[in-house]
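Q: Below is the sequence, then the predicted model.
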There are 2 protein chains.
Amino acid sequence: MKISTKGRYAVRLMLDLATTNSKQPVRLKDVAARQEISDKYLEQIIGILHKAGFVRSVRGAMGGYILTRDPADYTVGEILRLTEGSLSPVDCTEDPGLCPRETACATAILWRKISEAVNNVVDNVTLEDLLSWQDSLTNDYVI
Amino acid sequence: MKISTKGRYAVRLMLDLATTNSKQPVRLKDVAARQEISDKYLEQIIGILHKAGFVRSVRGAMGGYILTRDPADYTVGEILRLTEGSLSPVDCTEDPGLCPRETACATAILWRKISEAVNNVVDNVTLEDLLSWQDSLTNDYVI
DNA sequence: TCCATATCCTACTAAATCTCTATGAATTAT
DNA sequence: ATAATTCATAGAGATTTAGTAGGATATGGA
């Protein structure tokens, strides 16, 4: 029941881009350094996000990546589903006909409830929410 | 983000015992046949449940397993945590000090929200709930 | 033009985890 | 004694995870 590094790194990567939120492309190497993640691994992950149109890339020297939308317009759910696949705890809730026991299976109702609970969180948290949480954490609230 | 067969089978196993709900011990072989699960694999799983006191065992011929409590007194959360380990999507929410970024990490708040959402479901669903759902599914509701 | 700096692409791999299977010992009703 | 059952542990094949490695491609600036 774990989210793999791929999905977690994808969220941190997107949050990092949202944090700098510059019109200038951000180098992946810098993100990797700030987030302390292997840059080669991040390359693969941003490739997925790029292919899905979540980021725009600028190739060559002085290149990098830029968000294509406003941070408020990315939900964590999109990012996680893209990189992790379905967030359902079982496959049978996704794919009707997968399980012959389907119609009589009480546990399927349970798995669906879990799935809905997870979706309800991730589909209602945006990168902007993460940004504001980040602000709250880093500010000392000293008057 | 999947629950493994171990956890899912454990729930189905416990639900099966709750369904027969007999004072006589239920043979694991019968559970395995009904649930179409490898009986040797189920042996391992019930071993965990037995060690935790969730079931009582009767050894030897005519032996088997019996629930130690009323179905209403088992939450799915207990069963899943016992067999799957923590249901948190990341380890850092469980183990303070695990991650050096802890205090400034906005994503940790997200993971905690997901964790809470999952726990809120599984800790509020009992075997008795599963039993009643099962009844609704198998009954035709023909008047 | 040439070079340094980026992204882009694909293959590979070590380690862990998952999902059982296998073997046999211990226990008990008949 | 025998058959049926739980109990304990080892191992194995497949899959997934979490990266590495090695380059090809594109671009800004000297």
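A: In hand now; what should we look at?

Q: Quick check: bridge partners of the residue lying closest to A:Val55 once chain neighbours are set aside?
A: Of all residues not flanking A:Val55 in the chain, A:Tyr65 sits nearest, at 4.6 Å (Cβ to Cβ, 6 or more residues apart in numbering or on different chains). All C-beta spots, glycine's among them, are computed from the backbone N, C-alpha and C. Beta-bridge partners of A:Tyr65, counted by DSSP bridges, are A:Val26, A:Ser57.

Q: quick one: contacts for A:Tyr65?
A: Counting by Cβ atoms under 8 Å, 6 or more residues apart in numbering or on different chains, A:Tyr65 makes contact with A:Leu17, A:Pro25, A:Val26, A:Leu28, A:Ile46, A:His50, A:Val55, A:Arg56, A:Ser57, A:Val58.

Q: can you put these in CSV and add pLDDT?
A: Listed next are the contacts of A:Tyr65 as CSV, based on pLDDT from 0 to 100:
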residue, pLDDT
A:Leu17, 98
A:Pro25, 97
A:Val26, 98
A:Leu28, 98
A:Ile46, 98
A:His50, 98
A:Val55, 98
A:Arg56, 97
A:Ser57, 98
A:Val58, 98
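
Q: Can you go through these and name the buried ones?
A: Neighbour-count burial within these applies to A:Leu17, A:Pro25, A:Val26, A:Leu28, A:Ile46, A:Val55; the criterion is 16 or more other Cβ atoms under 10 Å in any protein chain shown.

Q: And these, which is closest to B:Asp123?
A: Nearest to B:Asp123 among those, counting by Cβ to Cβ, is A:Leu17 at 36.4 Å.

Q: For chain A, give me the ranges with low pLDDT.
A: A:140-143 (pLDDT under 70).

Q: 80 instead, please
A: A:94-98, A:100, A:102-103, A:139-143 (pLDDT under 80).

Q: check which helix or strand covers A:Leu82.
A: helix A:76-84 (DSSP states H and E).

Q: Other residues contacting that helix?
A: Helix A:76-84 is contacted from outside by A:3-4, A:6-7, A:10-11, A:14, A:45, A:48-49, A:52, A:54, A:87, A:119, A:122-123, A:125-127, A:130, B:1, B:110, using Cβ under 8 Å, 6+ apart.
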